[in-house]
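S.K.: got a structure for you, letters missing:
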């Protein structure tokens, strides 16, 4: 037992230092010791070990246990903790654990889980396991599961939860507190409560703070906000996350087309959605198609599929650059020193373009810049691009003089200004064009901008070279 | 008055449809009408107009009013609403409004603001305005302002707020509810309360839910979580946001080196920090240095400064590509058709590299992949890159046969496989190397990866060409 206490202190320290998130080696050691207790069947030590730990940290530990040890450790936990722990595990580990539980154990676990997390688990199970599970659940739970599972991925319906607190408008403040106290064990939050009529239509939202501040006899109807921010169930999950961020909401009520309350989205779920969306935008920004798995867990084939389509499409875009070079072959063979500057010039155009594109893509995603701002942004971008282009032209002109004399320097300097300007304008405009065409602007950055700029840059460079060098 | 009512309905509809966020033209019309009421001095109509609106929406409207109208509209609001509205306005508009208020008005406004928002406003004021303001504030508020303002940008101290609810450990649950009721008007949240001793050391955290669920006579000491997740005041704001996301916290307590409670960071502030961090990473990913302003409001000079350094650095990187071409000038002049494939090959390497880099940068930022995972990721990446390279080699070989015959096709196909592999390995490894060197891995993507891949790709292509074509 003294050993267990030592360990407790150790795990505690790990959490406080937050190294548990980063230090995999340390976690492996802790996991080995937990496994040792489990093999000795010293469940009391494991229980003492878990006590006082945050469930998110125990979940990290589970990722480092072998399957059979994870299952044994899972059974050490009480029903409430089991349900909450599952929400912190990655989907594949959830399914592994769930599929090794007895049908009864699984049904009890599902009943204790929050409604949004259990539908995610339900959807991750294979169809046979789902059918096995359903008879073990109460009818209300079956219906809830089937209903939530039916919302398409990406909609508000797919991220909302149905375990929210409700109040009737005629309740007085003191009665409302009691009502919330009764509902507390079964709902996601008691800090926002939803006032509904007999048909479950949303009449208003009331916070626990406002209830506490009201005099005990005031009816809820008079305390509630009767024009709360709401969202329709078929809106996108990004829209829900954006509303929660914009209005600093703890939870956002979700209604159907008849104004009936069907669920809520909480702030922590909105944070997860915002993170997912940012990840998708990041991936799209280098033309990786979004995929479901985590990068760590994704199979090679998943990554191949997410990457190959754009890579091949871009290759065909770059054929035009090659064709441009072929078209100017005569000029090039006369002045082979021009080739020295080719990578430098087209890369600079691509880099400047990628910068512009990224600035616009992110500003459009956060709402900082709106689609109607294109004209306003364009004027400033021309000025910035000219300044960037002139600075870089000065930088490369020196190399131009050194490699090929003043004429080449002039060609390279001029080409640099033109190419940076082209890159910046393509990079700035493409995200707006994509938005106009109802495509995700995040795909309009990085490689795509670079490819377009490459083609135009090759043409501009050799065209300027031919014009100036033939005269000279 | 009937006009005002019509308007109310209109604004209401705008908010419910959420078009207020997007439709600037509509907002302009509403702003014009509000301005008209203000010029008629019909303040009652404006007040009715604002009633029932969310403050975040009124803030959007303010961005569309002229300065003098904004000030007049601001004065229509009550002191509480003024304080909260200010938190939704962009910093420059906050300063504009604040600087037009009388010293007394400003002091009253600051007293009503939440502590984290008022310190942001205080820091945005120019030094003269700060000195003017301080005498109007109570001593406790002056001290609080100075203390919060002293934390360096980017630390937890710079985003935390000091208006949190505290409880003594000996209070019973029913007394704790009363204590929270008394503190409610002045604190950021009553849903988490912080249990402190006489020296203000943090003993534990208790949620209002747990207090309500406890029996009324239980002392707070027995209800509280005595080993809560905490953060040190000098940690980074990203670490605070990451802890809040990981542990699904409503608020995170901040302590000094002696364990004394100095502030809290709330979930909505964590969302803002996460968004800011994602924006910085986006910008870095195309080598734009982070800057303070919004993209919409940033000056051309700010953008120039944020972009020029990396652009020039990358130019010098690309000189090596040019040098590589110059080195192989003989091979090139003998087989000018090789040039046709140059942009296509180096772009493909750059694109594959940018994909790998983005996948790793984002996975490292979200904690999906850890720095110690490099080896594990490398094995999979080699397989994926070979598959990508072979697919693309097949695609370009056909063009190779068409443009230059089977020998050229062989050269181009082989070069494609090698170059994609180089790009992928550089893209995968650079973020890990940056992490190891304590640099932000986000800077290790896009243009930088492309530049390195370009140099290696040029060398690989012409080296393969010289080797194979000389034999033939």
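M.R.: Arrived safely, thanks for sending. On a predicted model such as this, the values are computed, not experimentally measured, just so you know. Numbering: from 1, shown residues only, chains lettered A, B, ... in the order given.

S.K.: where does chain A dip in pLDDT?
M.R.: For chain A, the stretches with pLDDT under 70 are A:1-24, A:470-472.

S.K.: in it, which spans are strands?
M.R.: Per DSSP state E, chain A carries strands over the ranges A:165-167, A:192-196, A:202-207, A:231-232, A:251-255, A:261-266.

S.K.: dump the ones you listed into JSON lines; add mean neighbour count as well.
M.R.: Every residue, glycine included, has its C-beta placed from N, CA and C. Shown next, in JSON lines, are the strands of chain A (neighbours: other CB atoms under 10 Å in any protein chain shown):
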{"stretch": "strand A:165-167", "mean neighbour count": "21"}
{"stretch": "strand A:192-196", "mean neighbour count": "23"}
{"stretch": "strand A:202-207", "mean neighbour count": "22"}
{"stretch": "strand A:231-232", "mean neighbour count": "20"}
{"stretch": "strand A:251-255", "mean neighbour count": "24"}
{"stretch": "strand A:261-266", "mean neighbour count": "25"}
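
S.K.: the ones you listed: which one's closest to residue A:467?
M.R.: strand A:231-232 (58.1 Å; CB to CB).

S.K.: adjacent strands (with direction) for the closest one?
M.R.: strand A:251-255 (parallel) (DSSP bridges).

S.K.: any idea of the angle the strand it pairs with forms with strand A:261-266?
M.R.: Interaxial angle of strand A:251-255 relative to strand A:261-266 (axes from the mean of the first three to the mean of the last three CA atoms, to 10 degrees): 150 degrees.

S.K.: is it correct that residue A:64 is in contact with residue A:31?
M.R.: Yes - using CB atoms under 8 Å, residue A:64 makes contact with residue A:31 at a distance of 3.7 Å.

S.K.: can you pull the contacts of residue A:101?
M.R.: For residue A:101, the contacting residues are residue A:109, by CB atoms under 8 Å, 6 or more residues apart in numbering or on different chains.

S.K.: measure the spatially closest residue to residue A:290 that is not a sequence neighbour to residue B:282 for me?
M.R.: Closest residue in space to residue A:290, ignoring its immediate chain neighbours: residue A:280 at 4.5 Å, by CB to CB, 6 or more residues apart in numbering or on different chains. Counting by CB to CB, to the nearest Å, the separation of residue A:280 from residue B:282 is 12 Å.

S.K.: same question, residue A:287
M.R.: On the measure of CB to CB, residue A:287 and residue B:282 end up 15 Å apart.

S.K.: how close does the residue lying closest to residue A:430 once chain neighbours are set aside get to residue A:362?
M.R.: Distances taken as CB to CB, 6+ apart place residue A:444 nearest to residue A:430, at 4.0 Å, with adjacent residues excluded. Plainly put, residue A:444 is 12 Å away from residue A:362 if you go by CB to CB.

S.K.: more crowded one of those two?
M.R.: Set residue A:444 next to residue A:362 and count neighbours by other CB atoms under 10 Å in any protein chain shown: residue A:362 wins out with 30 against 27.

S.K.: for the more buried one, give me its contacts.
M.R.: A:281, A:368, B:278, B:279, B:282, B:283, B:295.

S.K.: redo that, cut-off 6 Å
M.R.: Counting by CB atoms under 6 Å, 6 or more residues apart in numbering or on different chains, residue A:362 makes contact with B:279, B:282.

S.K.: then residue A:354?
M.R.: A:446, A:449, B:286, B:446.

S.K.: how many other residues sit next to the first one?
M.R.: In other words, residue A:446. 33.

S.K.: outline the domain layout of chain A.
M.R.: A:2-150, A:165-268, A:300-471 (automatic domain parsing).

S.K.: and among these, the most buried is which?
M.R.: domain A:300-471 (a mean of 21; mean count of other CB atoms under 10 Å in any protein chain shown).

S.K.: ok, the one residue in the stretch 101-250 of chain A that gets nearest to chain B - contacts?
M.R.: Proximity of the stretch 101-250 of chain A to chain B (CB to the nearest CB) peaks at residue A:248, 4.5 Å away. Contacts for residue A:248 (CB under 6 Å, 6+ apart) come out as residue B:268.

S.K.: could you check how far it is from residue A:438?
M.R.: For residue A:248, the distance to residue A:438 - CB to CB - is 29 Å.

S.K.: could you do residue A:459 as well?
M.R.: 30 Å.

S.K.: returning to what we had before: closest one to residue B:74 among the domains of chain A?
M.R.: domain A:165-268 (19.9 Å).

S.K.: up against chain B, what does the stretch 151-300 of chain A have?
M.R.: Selection of the stretch 151-300 of chain A residues close to chain B by CB under 6 Å from any CB of the partner chain yields A:181, A:184, A:190-191, A:209, A:212-213, A:227, A:245-248, A:267-268, A:271, A:278-279, A:282, A:286, A:288, A:294-296, A:300.

S.K.: contacting residues around stretch A:337-347?
M.R.: A:403-404, A:412, A:415, A:419, A:454, A:457, A:461, A:465, B:315, B:318, B:321-322, B:325-326, B:454.

S.K.: can you tell me which of those are in helices?
M.R.: Counting by DSSP state H, the contacts of stretch A:337-347 place A:403-404, A:412, A:415, A:419, A:454, A:457, A:461, A:465, B:315, B:318, B:321-322, B:325-326, B:454 in helices.

S.K.: looking at those residues, which is nearest residue A:391?
M.R.: Compare each of the ones in helices among the contacts of stretch A:337-347 with residue A:391 using CB to CB and the shortest gap goes to residue B:315, at 9.9 Å.

S.K.: residues in contact with the closest one?
M.R.: Per CB under 6 Å, 6+ apart, neighbours of residue B:315: A:344, A:348, A:392, A:395.

S.K.: repeat the analysis, applying 7 Å as the threshold.
M.R.: Residue B:315 sits next to A:344, A:348, A:392, A:395, A:396 when contact means CB atoms under 7 Å, 6 or more residues apart in numbering or on different chains.

S.K.: do residue A:451 as well
M.R.: Per CB under 7 Å, 6+ apart, neighbours of residue A:451: A:314, A:317, A:318, B:347.

S.K.: could you identify the most distant pair in those residues?
M.R.: Most distant of these, by CB to CB, are A:317 and B:347, 8.2 Å apart.

S.K.: look up how far residue A:331 lies from residue A:182.
M.R.: With CB to CB as the criterion, residue A:182 and residue A:331 are 84 Å apart.

S.K.: same deal with residue A:179?
M.R.: In this view, residue A:179 and residue A:331 are 83 Å apart by CB to CB.

S.K.: now do the phi/psi pair for the residue of the stretch 101-250 of chain A closest to chain B.
M.R.: Phi and psi for residue A:248, reported as degrees, to the nearest 10, are phi 50, psi 50.

S.K.: test my guess that residue A:245 contacts residue B:270.
M.R.: No - using CB atoms under 7 Å, residue A:245 makes no contact with residue B:270, being 10.8 Å away.

S.K.: contact partners for residue A:366?
M.R.: Contacts of residue A:366 (CB under 7 Å, 6+ apart): B:275, B:279.
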